[in-house]
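>>> Show me how the following folds:
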Amino acid sequence: MFRPKLPTMPQPTGTVTPPTVVEPTTITPGTSVSPPTPAPVAGPARPTVQLTPGTALALVGGGSAVVLVVGAVLVSMLLAVAITAASVAVCAVVLRSLLASQHRR
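The predicted structure is shown next:
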């Protein structure tokens with residue numbers, strides 16, 4: 001019951017053909033092809049961006065707003081984690097005191 005039972009491999013049936021031998025072939029060099037000539041490089045397809053003082057001010061204002069929003073979100077997440085940790089610590093102290101007072105009786 002506790003001995004493993006190994007499966008038996010069935011013998012092949014029918015005609016068994018021996019494996020074919022693959023002989024190496026020689027590589028004959030062909031005619032050489034000249035490399036294609038590079039195409040001329042075209043200028044930039046897109047127009048360059050002109051920054052006026054108004055657009056620069058808008059970019060600075062938008063970047064500042066993004067930094068402030070992301071900072072507020074990260075600080076609020078850190079505060080939520082800190083409050084949760086403090087409440088878990090208070091619960092642990094209360095449970096420890098309840099269990100300790102129960103053992104004294």
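>>> shaky segments in this structure?
1, 12, 14-16, 31-36, 39-44, 105 (pLDDT under 70).
>>> cutoff 50 now
Nowhere does the chain drop to pLDDT under 50.
>>> Break down it into its helices, ranges please.
53-104 (DSSP state H).
>>> how many neighbours does Met9 have?
Neighbours of Met9 under the rule other Cβ atoms under 10 Å: 6. Every C-beta, even on glycine, is put in place using the N, C-alpha and C of the backbone.
>>> swap that for Thr48, sorry
Per other Cβ under 10 Å, the neighbour tally for Thr48 reads 6.
>>> Please put the alpha-carbon coordinates of stretch 66-75 into CSV.
The C-alpha trace of stretch 66-75 is given here as CSV (Å, rounded to 0.1, in the frame of the first residue of the first chain):
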residue,chain,number,x,y,z
VAL,A,66,0.5,69.9,-9.5
VAL,A,67,3.3,69.9,-6.9
LEU,A,68,0.9,71.3,-4.2
VAL,A,69,-1.9,68.8,-5.0
VAL,A,70,0.5,65.8,-5.0
GLY,A,71,2.1,67.0,-1.8
ALA,A,72,-1.3,67.4,-0.1
VAL,A,73,-2.4,63.9,-1.2
LEU,A,74,0.9,62.4,0.1
VAL,A,75,0.7,64.3,3.4
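>>> Buried residues, that stretch. List them.
Judged by neighbour count using 16 or more other Cβ atoms under 10 Å, stretch 66-75 contains no buried positions.
>>> what about that stretch, distance to the chain center?
25 Å (Cα atoms, centre = their mean, to the nearest Å).
>>> Repeat that for stretch 92-105.
46 Å.
>>> now do stretch 57-72
On the basis of Cα atoms, centre = their mean, stretch 57-72 sits 28 Å off its chain's mean C-alpha point.
>>> List the contacts of that stretch.
Contacting residues not belonging to stretch 57-72 are listed as Leu51 [Cβ atoms under 8 Å, 6 or more residues apart in numbering].
>>> Please apply the same query to stretch 86-102.
The contact list for stretch 86-102, computed with Cβ under 8 Å, 6+ apart, is empty.
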